[in-house]
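**Q** Sharing a model prediction with you, sequence too.
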Amino acid sequence: QKENLDLERKLLIVPTSNAILKLKEFLAVKSAEKDKAVMGARVVTPSFLFIPRNPQRPLADETTILATWLNVLKKCKTDVLRPVFPYGLKSDKTESLLKFTEIISKVRADLSDNLMSITDVLANHSDSLSELERWQAMAALEKLYLQEMKERGLCDPIQAKMDEARNPSITGDFDEIILCGTPEISGLAVNAVKVMAKQLPVTVLVHAPGTLEGSFDECGCPIPDKWQDTEIEISEWKSRMHLETTPSSQALRVADLLNKTTGKHGPEDVAIGVPDRDIIPYLQDTLDAAGIPAYDPQDINCSELPIFQLISHIAELMETGSYHHLAGLIRTPDFLRYLKHARGAEPADVLKELDDFRNEHLPEFLDSIEQMGGKAPDLLTRAIQAVEEIKKDFSAEKPVDFWRKTLARIYSNRQLSTKDASDKLFKSSAEQINDILTELESCPNRTTRIEFNRIFLYRVSSLQIARNREGEKIDLNGWLELHWNNAPVMIITGA
């Protein structure tokens, strides 16, 4: 380019958030090399195309959606629910309803990818549906859910996304759409692109030889039928393909291959493809041991973090009072850290007393320990007293206030470092958990304490927390990101 590269009116669409970073890094490097500026580059993922921008009513948040479904299901008569609960509700009714809410929400999300609702499926395909009665029941429930949303003055996000995909509101903001290496794109995004293509040009970039043009559709996605019998030539494949039967042996082979590149290429010159994510833990452990830490760009689920384990055990303990969850809570690293600071109890000593007491007395419930009248040893007694304080607050405080007070108490003396990866994950998860509590605080549904805890726990378990790069020089790329990595050495696992 002889002039500055003006992308202000261009919308660049890439497959993942990590690809956004890759493209921006590339543009920055090229602009520096040529001493030219890149102006206004707008790089987004396909979901940007159907973000609701002008909904008729405020969008309902995830917590309100969950609570609304629960409210609808609880109000339904048994005969309405029978097709979706043919064996009746379990004794733990709230848990059963939450699981069904997850199922019907996924069905609605999957159907929305084809711009359809459950009601649309029933209206247009009833003759070919198996389990017709079940579909009829789900359509009736969907109607009740949408009606309740409307009565609350809220808009259902799935419906709003379909409306946006049918009539994109960003058409006037750009002069051109450029799909950059997007081999997988949702039906909602495809529909939005097709609508916008009637008013402005759409350019599709595919990372493949021109001879394969007919093997991709109009959005650059592979056409499955075209690839059934396609042979991909790999030069010197006998020396480049390695057969390993287990994830651990694959990880060891990767480490060996990296070792053989030493002297020719450094870690920053290598990309590792992981189409099968099951191998990632083995890869990271093996490469860490070899002094080559690898970065996994995919978000981590909050349920894998210590803060969720703490919240889960507290919620279950408040509901059941079981010794199992008491012991689970005391064993969590965060609660042990709190006991050491607030109660002067060394973690190893607390755990020893906990195990010894369990082996000697076989208690079933927290109350049964209290009835033993001082038989618990000193440090375990201190831990139980800390739990009793939590239990007392659970009865006295409003649910939102209880959780904020309890978590603030337990984490009050945790020191955070901006350089520590676990602290960064903790800070990010804590912020999102606080957002959920804010949603629950403003949620119009009236729930019992136990129902509140179930909704809270369910929402926290679904949080996705972004990982931070901590100096890792090798990326572990999924199949959507592999073609965005121009490393001279590429190792693909699990193929």
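**A** Perfect, I can see it now.

**Q** Dihedrals phi and psi, I177?
**A** Here is the backbone geometry of I177 (degrees, to the nearest 10): phi -110, psi 130.

**Q** What confidence value was assigned to the nearest residue to V14 once chain neighbours are set aside?
**A** Nearest residue to V14, sequence neighbours excluded (C-beta to C-beta, 6 or more residues apart in numbering): C180, at 5.0 Å. Heads up, the C-betas are built off the backbone N, CA and C, glycines and all. For C180, the model assigns a pLDDT of 94.

**Q** K10 is in contact with C180, correct?
**A** No - C180 lies out of contact with K10 (C-beta atoms under 8 Å); the separation is 10.5 Å.

**Q** E102 should be in a strand, yeah?
**A** No - looking at E102 with DSSP: H, G, I helix; E, B strand; the rest coil, it is helix, so not inside a strand.

**Q** From S462, how far off is it?
**A** 9 Å (C-beta to C-beta, to the nearest Å).

**Q** where does the stretch 51-200 of the chain dip in pLDDT?
**A** When residues are selected by pLDDT under 70, those of the stretch 51-200 of the chain lie in 90-92.

**Q** what ranges do the helices span in it?
**A** 62-75, 78-81, 93-112, 118-125, 132-151, 157-166, 187-196 (DSSP state H, counting those that start in this stretch).

**Q** who does the second one touch, helix- and strand-wise?
**A** Taking 3 or more C-beta pairs under 8 Å, 6 or more residues apart in numbering; DSSP states H and E as contact, the helices and strands that helix 78-81 lies on are helix 132-151.

**Q** Any idea how far the helix it packs on is from the middle of the chain?
**A** A distance of 27 Å separates the centroid of the chain from that of helix 132-151, by C-alpha atoms, centre = their mean, to the nearest Å.

**Q** what's that helix packed up against?
**A** For helix 132-151, the packing partners by 3+ C-beta pairs under 8 Å, 6+ apart are helix 62-75, helix 78-81, helix 93-112, helix 118-125.

**Q** deepest of the ones you listed, which one?
**A** By mean neighbour count, with neighbours taken as mean count of other C-beta atoms under 10 Å, helix 62-75 ranks first of the helices and strands packed on helix 132-151 at a mean of 20.

**Q** can you dump the C-alpha coordinates of that helix into PDB?
**A** The C-alpha trace of helix 62-75 is given here as PDB (Å, rounded to 0.1, in the frame of the first residue of the first chain):
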ATOM      1  CA  GLU A  62     -29.100 -15.200  31.800                       C
ATOM      2  CA  THR A  63     -30.200 -15.400  35.500                       C
ATOM      3  CA  THR A  64     -33.600 -13.900  34.700                       C
ATOM      4  CA  ILE A  65     -34.000 -16.400  31.800                       C
ATOM      5  CA  LEU A  66     -33.300 -19.300  34.200                       C
ATOM      6  CA  ALA A  67     -35.600 -18.000  36.900                       C
ATOM      7  CA  THR A  68     -38.400 -17.400  34.400                       C
ATOM      8  CA  TRP A  69     -38.200 -20.900  33.000                       C
ATOM      9  CA  LEU A  70     -38.300 -22.200  36.600                       C
ATOM     10  CA  ASN A  71     -41.400 -20.100  37.300                       C
ATOM     11  CA  VAL A  72     -43.200 -21.300  34.200                       C
ATOM     12  CA  LEU A  73     -42.400 -24.900  34.900                       C
ATOM     13  CA  LYS A  74     -43.500 -24.700  38.600                       C
ATOM     14  CA  LYS A  75     -46.800 -23.200  37.600                       C
END
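
**Q** could the helices of the stretch 51-200 of the chain go into TSV alongside distance to P222?
**A** Formatted as TSV, those follow (distance: least, C-beta to C-beta, whole Å):
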stretch	distance to P222
helix 62-75	33
helix 78-81	42
helix 93-112	21
helix 118-125	27
helix 132-151	32
helix 157-166	22
helix 187-196	14
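
**Q** Out of those helices, which is closest to A251?
**A** Nearest of the helices of the stretch 51-200 of the chain to A251, taken as C-beta to C-beta: helix 93-112 at 32.6 Å.

**Q** returning to that earlier point: K260: which of the helices of the stretch 51-200 of the chain is closest?
**A** When these are compared by C-beta to C-beta, helix 187-196 sits nearest K260, at 41.5 Å.

**Q** Quick one: residues in contact with that closest one.
**A** Applying C-beta atoms under 8 Å, 6 or more residues apart in numbering, the external contacts of helix 187-196 come out as 13, 46-47, 49-50, 112-115, 161-162, 164-168, 170-171, 177, 179, 185, 202, 219.

**Q** Put the buried members of the residues you listed into a ChimeraX selection.
**A** Selection of buried members from the contacts of helix 187-196 for ChimeraX, criterion 16 or more other C-beta atoms under 10 Å:
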select :13,46,49,50,112,113,115,161,162,164,165,168,170,177,179,185,202,219
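
**Q** my guess is D356 contacts A376, does it?
**A** No - applying C-beta under 8 Å as the test, D356 and A376 come out as separate, 10.3 Å apart.

**Q** ok, the two, which is more surrounded?
**A** Set D356 next to A376 and count neighbours by other C-beta atoms under 10 Å: A376 wins out with 20 against 12.

**Q** Which strand or helix spans the more buried one?
**A** Secondary structure from DSSP states H and E places A376 outside every helix and strand.

**Q** Kindly report the same for N434.
**A** N434 belongs to helix 421-442 when elements are defined using DSSP H and E.

**Q** That helix to helix 62-75, inter-axis angle?
**A** Here the directions of helix 421-442 and helix 62-75 differ by 50 degrees (axes from the mean of the first three to the mean of the last three C-alpha atoms, to 10 degrees).
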